[in-house]
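>>> Sequence and predicted structure below; questions after.
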Amino acid sequence: MKRKTPLELAAAQPGPAHVVTVDGREIAALPGQTVAAVLWSAGITSWRSTRGSGAPRGIFCGIGVCYDCLVTVNDRPNQRACLVPAVSGDAIRTQEGVGHDELG
Amino acid sequence: MTNSAERSVGHLVHRLRSGVGWSRPHRGAVAHPTSSGPPSASLVVVGAGPAGLAAALTAADRGVRVVLLDAGAQAGGQFYRQPAAALKARRPQALHHAWGTWKKLRDRLAAHVDAGRITHLTDRHVWFVEREFEEGRFGVHALLGPRQAESQTVTADAVLLATGGYEKVLPFPGWTLPGVVTAGGAQAMLKGGLVLPGRTAVVAGTGPLLMPVAAGLAAAGAEVAAYVESTHPADFVRHTATLAGNPAKVAEAARYAAQLLWHKVPVTVRHTVVAAHGTDRVEAVTVAALDTHGRVRPGTGRRIACDTLAVGHGMLAHTDLAETLGCAIDATGDAFVVTDAEQRTDVDGVWAAGEATGIGGAVLALAEGEIAGHSIAARMTGVELRPADWATAARTRTRLRKFFAALDDAYVPPAHWAEQVADDTVVCRCEEVTAAEVREAVEELGATDLRTVKLLTRAGMGWCQGRVCAPGVAGIAGCPAGPAKRPFARPVPLSVLAQEPERP
Ligand SMILES: Cc1cc2nc3c(=O)[nH]c(=O)nc-3n(C[C@H](O)[C@H](O)[C@H](O)COP(=O)(O)OP(=O)(O)OC[C@H]3O[C@@H](n4cnc5c(N)ncnc54)[C@H](O)[C@@H]3O)c2cc1C
Ligand code: FES
């Protein structure tokens, strides 16, 4: 039995893919997908390392609660990849550690 | 931190502690939900999932002006999470259950929005709901997504909290590896972004959510190498009568079971995940059998290769906004917002419905939202309260609360799960606090409650403010989780706090 993809299952017909960069490397992104969905589609599941032990992290809760998926988008650090839509031309950078400076 | 930001934070914290609101209007931008005139919403609904939608529609049907706020870009909440519009899914229902119900909700919402009775504001992350904000009205403060650098405020005479819940995952060695995701999170990424985390998944843990998740992943093309549930069907026997009273729910479970069979998903009961393995991402998991007391049976470990582990141990309610409003919270077990027969909290003008008030699925959330909507409309428009209007919803609520209480009783994580957590396992993901540190806080430093454990170890002090780790840390420490005390429901940029006015 040939396995379906999620796009086939939902009969999705997104417009042409756009391009974003991940640490400078170009990857294709479907319109509407979040940064996390774009990274998963490109086979990337880890995009930050923790402040303490430098352990790799990516998506955990998938809905904005856990803050494990933090990533730098267009020089703004600490964005939750699971919530932020990817926009054509976005420069996504993996992140080491997290900065607490910006938040109260 | 600048001086003025520091002062503002100080004032804010003072206000929070003293429970006093500002009497002056806010200097920053006040949202004008409609272009014509000031925000005149009578009711603000926080959360556009099944509960919030049912409440907003019912109240709007009865003449209440509603502003519906949600963090998401589209209505639907977790259960009716939609693929991003630009993905142009022609068959989104393939990933859903009860699509007909959603279509009706969606159409009713569109009609009310067109008629100007409901204002639906998306990408609004509510971080604080304030009593006595302006002329005795509530102020609902929301960060604008996705940047979250700016806050807007909507005022209201009444507030309905329909903030739903999120998944509980108890720690085990390897649970921080990329590729280990919450079961609901895998479902959310699939429904919203039409993506899978990998090719071969293990779905494990306990609870009714695992079934649709395993079925959804399989339908979308993942190979589900194992479905591992820690309870045993025999655990449901004492609830046979309750189950029989809910044929629709039993049929739903049977439908999912048939789908699992169709996709040849191997189902294993009374087993648990004891570890996830890998270096940069999960490569395999070890599952083991449990004895009838919920202890792992030595020598039963079995390694299963996979690149994804979707795991969950039940659901937790979002109670943060209710907590800062001062609403009663029941924290004897997993915390939830306490409501009366009309879905009112004990704070005047604040209602709550859906999973924020206890976990029970979409149909219960719809019934509670409908009841709240009737109650709000009657209370706000001054018409006579007519419980007969919501008799059907009330019957559904009674039946489903009983049903989910039975499920809750049966679907419990293995009683001795904490024994399986190795000392070097990270239990607080944000602050990377290990089980050994938590154990030391209890055994050597004498901590007897979660607050002290937190102060001694920093567990729960990171970005998620203990939302993810609280049940795990409490279990390892051997103390109750208790109510959380969080000043805000979301981390708030200092620049936003600095805009807040000072007290006269
Ligand atoms: C990740 C996940 C996936 C799930 N998948 C399924 C499934 O496939 N099948 C199933 O039967 N059940 C599923 N559930 C269970 C599901 O939660 C319930 O069945 C149902 O959706 C509950 O309805 P609700 O209206 O109470 O809450 P929800 O549907 O959770 O809706 C709550 C809404 O409130 C919003 N919100 C919360 N806090 C804020 C805030 N501070 N500011 C602004 N907005 C806020 C959220 O964005 C959300 O849209 C899932 C749960 C989760 C957590
Ligand atoms: S995965 Fe949890 S916040 Fe993004």
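The structure has been received and is ready for your questions. Residues are numbered from 1 along each chain as shown, chains lettered A, B, ... in the order given. Ligands and ions are numbered 1, 2, ... in the order given.

>>> sec struct for the closest residue to chain A within the stretch 351-500 of chain B, please.
With CB to the nearest CB as the measure, residue B:463 is the residue of the stretch 351-500 of chain B nearest to chain A, at 3.6 Å. In this view, the C-beta of every residue, glycine as well, is placed from N, C-alpha and C. Of the three states, residue B:463 takes coil under DSSP: H, G, I helix; E, B strand; the rest coil.

>>> ok, now which ones touch the closest residue to residue B:387 other than its chain neighbours?
Once its chain neighbours are removed from consideration, residue B:387 has its nearest residue in residue B:394; the separation is 7.3 Å (CB to CB, 6 or more residues apart in numbering or on different chains). Listed by CB atoms under 8 Å, 6 or more residues apart in numbering or on different chains, the contact partners of residue B:394 are B:341, B:367, B:371, B:387.

>>> any idea which helix or strand carries residue B:394?
Taking DSSP states H and E as the criterion, the element that holds residue B:394 is helix B:391-410.

>>> Mean confidence (pLDDT) on that helix, please.
Here the mean pLDDT over helix B:391-410 is 95, rounded to a whole number.

>>> quick check, residue B:456 in a helix?
Yes: the secondary structure assignment for residue B:456 places it in a helix, going by three-state DSSP.

>>> How about it, nearest residue that isn't a chain neighbour?
residue B:441 (4.2 Å).

>>> outside of the helix or strand that neighbour falls within, which residues touch it?
In the assignment (DSSP H and E), residue B:441 maps to helix B:435-443. Contacts of helix B:435-443 with the rest of the structure, by CB under 8 Å, 6+ apart, involve B:171, B:421-425, B:427, B:447-448, B:452-453, B:456-457, B:459, B:473, B:476-479.

>>> Could you export it as CSV, CA atoms only?
As requested, the backbone C-alpha atoms of helix B:435-443 are provided in CSV (Å, rounded to 0.1, in the frame of the first residue of the first chain):
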residue,chain,number,x,y,z
ALA,B,435,15.8,14.4,38.9
ALA,B,436,18.8,14.2,41.1
GLU,B,437,18.6,17.9,42.0
VAL,B,438,14.9,17.6,42.8
ARG,B,439,15.5,14.5,44.9
GLU,B,440,18.3,16.3,46.7
ALA,B,441,16.1,19.2,47.5
VAL,B,442,13.6,16.9,49.2
GLU,B,443,15.9,14.3,50.8
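
>>> Check which residues of that helix are buried.
Taking 16 or more other CB atoms under 10 Å in any protein chain shown as the neighbour-count basis, helix B:435-443 is seen to contain the buried residues B:435-442.

>>> Stretch A:56-64 too?
By neighbour count, with 16+ other CB under 10 Å as the criterion, the buried positions of stretch A:56-64 are A:56-64.

>>> got it, and stretch A:39-54?
For stretch A:39-54, using 16+ other CB under 10 Å, the buried residues are A:39-41, A:44-48, A:50-51.

>>> For ligand 1, what's the nearest residue on chain A?
residue A:63 (4.8 Å; CB to the nearest ligand atom).

>>> Just the element for the nearest residue to that residue once chain neighbours are set aside, please.
Once flanking residues are discounted, residue A:63 sits nearest to residue B:188: 5.2 Å by CB to CB, 6+ apart. In this structure, residue B:188 is located in helix B:183-193 according to DSSP H and E.

>>> Just confirm yes or no for that helix near ligand 1.
Yes: among the residues of helix B:183-193, B:184-185, B:187-188 lie within reach of ligand 1 under CB under 6 Å from any ligand atom.

>>> Strands - which of the contacts of helix B:435-443 land there?
Judged by DSSP state E, strands contain the following of the contacts of helix B:435-443: residue B:427.

>>> just the buried members of the contacts of helix B:435-443?
Burial by neighbour count, judged by 16+ other CB under 10 Å, picks out B:171, B:421, B:425, B:427, B:447, B:452-453, B:456-457, B:459, B:473, B:476-477, B:479 from those.

>>> Write down the beta-bridge partners of the residue nearest to the spatial centre of chain B, one by one.
The residue at the geometric middle of chain B, judged as the C-alpha nearest the mean C-alpha position with CA atoms, centre = their mean, is residue B:165 (1.3 Å). Under the criterion DSSP bridges, residue B:165 forms beta bridges with residue B:317.

>>> I figured it was touching residue B:358, is that so?
No: assessed by CB atoms under 8 Å, residue B:165 is found out of contact with residue B:358, at 9.0 Å.

>>> Identify the residues contacting the closest residue to the residue of the stretch 351-500 of chain B closest to chain A other than its chain neighbours.
The shortest distance from residue B:463 to any residue that is not its chain neighbour, by CB to CB, 6+ apart, is 3.6 Å, and that residue is residue A:67. Applying CB under 8 Å, 6+ apart, one finds that residue A:67 lies in contact with A:80, A:98, B:430, B:462-464.

>>> again, 10 Å this time
In this structure, residue A:67 makes contact with A:57, A:60-61, A:78, A:80, A:82, A:98, B:429-430, B:462-465, B:467-468, B:491, judged by CB atoms under 10 Å, 6 or more residues apart in numbering or on different chains.

>>> What of residue B:399?
Contact criterion CB under 10 Å, 6+ apart gives B:242, B:245-246, B:248-249, B:363-364, B:367 as the residues in contact with residue B:399.

>>> tell me, which of those make contact with ligand 2?
Restricting the contacts of residue B:399 to those near ligand 2 - CB under 6 Å from any ligand atom - leaves none.

>>> which ones among the residues you listed are found in helices?
Cross-referencing these with the helices (criterion: DSSP state H) gives B:242, B:248-249, B:363-364, B:367 as the overlap.

>>> now the helices: where do they sit in chain A?
Secondary structure of chain A (DSSP H): helices located at A:6-9, A:35-41.

>>> what's the closest of those to residue B:398?
The closest of the helices of chain A to residue B:398 is helix A:6-9. By CB to CB, the value is 36.7 Å.

>>> That closest one and chain B in contact?
Yes: with CB under 10 Å from any CB of the partner chain as the threshold, helix A:6-9 lies in contact with chain B, specifically through A:6-9.

>>> Which pLDDT value goes with the most centrally placed residue in chain A?
For chain A, the residue nearest the mean C-alpha position is residue A:36 (2.7 Å; CA atoms, centre = their mean). Per-residue confidence for residue A:36 comes out at a pLDDT of 98.

>>> Now do the residue nearest to it when sequence neighbours are not counted against residue B:381, distance only.
With CB to CB, 6+ apart as the measure, residue A:81 is the residue that lies nearest to residue A:36, at 3.9 Å, once sequence neighbours are left out. Here residue A:81 is placed at a distance of 44 Å from residue B:381 (CB to CB, to the nearest Å).

>>> just to revisit the earlier point, what count of nearby residues applies to the residue nearest to residue A:63?
Residue crowding around residue B:188 was assessed by other CB atoms under 10 Å in any protein chain shown; the count is 23.

>>> That one contacts residue B:78, doesn't it?
Yes: contact between residue B:188 and residue B:78 holds when scored by CB atoms under 10 Å: they sit 6.7 Å apart.

>>> Now the common contact residues for those two.
By CB under 10 Å, 6+ apart, the residues touching both residue B:188 and residue B:78 are A:63, B:166-167.
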